[in-house]
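> have a look at this prediction, sequence included:
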Amino acid sequence: MFAAQKDKHDSHILWIAKSGQVHIDCLSPHAHEEEFDKNNQDLLARLKMYRRGQGYVGKKAAADRDFIGRVLDTLKNEWQSLQNRSEVRVIDRFC
């Protein structure tokens, strides 16, 4: 999922759908996170936006086992607290 993204082209948001499925979506470099929240009805929670050019997505990020492990641990830990919530939760860290 991380390797399929291009870090230099767009900013990205890693988010969790109400079903529990995890996604990474591209956003234009000047897009705001609040717009994404308002336009995504299936959004349960998301991490802060990965701004383009910061190395959070792409092949190098995907190869960084420590980074990917921290992302996975964060998602697992947050999942328990997300059950039965109606408002969008913003996970305020980059892992």
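Done, it's in. Residues are numbered from 1 along each chain as shown.
> how about the strands of the chain, start to end?
11-17, 22-27, 43-47, 89-91 (DSSP state E).
> which one of those strands lies nearest to Q54?
Closest approach to Q54 among the strands of the chain is made by strand 11-17 (8.8 Å; Cβ to Cβ). Any C-beta I mention is one placed from the backbone N, CA and C, and that applies to glycine too.
> between that closest one and strand 43-47, how many degrees?
Using axes from the mean of the first three to the mean of the last three Cα atoms, to 10 degrees, one finds that strand 11-17 and strand 43-47 are set 140 degrees apart in direction.
> now do the buried residues in strand 11-17.
S11, H12, I13, L14, W15, I16 (16 or more other Cβ atoms under 10 Å).
> check which helices and strands it sits against.
Under the contact criterion of 3 or more Cβ pairs under 8 Å, 6 or more residues apart in numbering; DSSP states H and E, strand 11-17 touches strand 22-27, helix 33-39, strand 43-47, helix 65-82.
> same list (the strands of the chain) but as a markdown table, adding distance to A61 and mean pLDDT.
Below are the strands of the chain laid out as a markdown table (distance: least, Cβ to Cβ, whole Å; pLDDT from 0 to 100):
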| stretch | distance to A61 | mean pLDDT |
| --- | --- | --- |
| strand 11-17 | 10 | 94 |
| strand 22-27 | 10 | 94 |
| strand 43-47 | 13 | 93 |
| strand 89-91 | 17 | 88 |
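> adding distance to Q80, write those out as TSV.
Output for the strands of the chain, formatted as TSV (distance: least, Cβ to Cβ, whole Å):
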stretch	distance to Q80
strand 11-17	12
strand 22-27	15
strand 43-47	12
strand 89-91	12
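> so who does the residue nearest the centre of the chain touch?
The residue lying closest to the centre of the chain (Cα atoms, centre = their mean) is L14, at 1.3 Å. The contact partners of L14, taken as Cβ atoms under 8 Å, 6 or more residues apart in numbering, are V22, H23, I24, R46, L47, Y50, V71.
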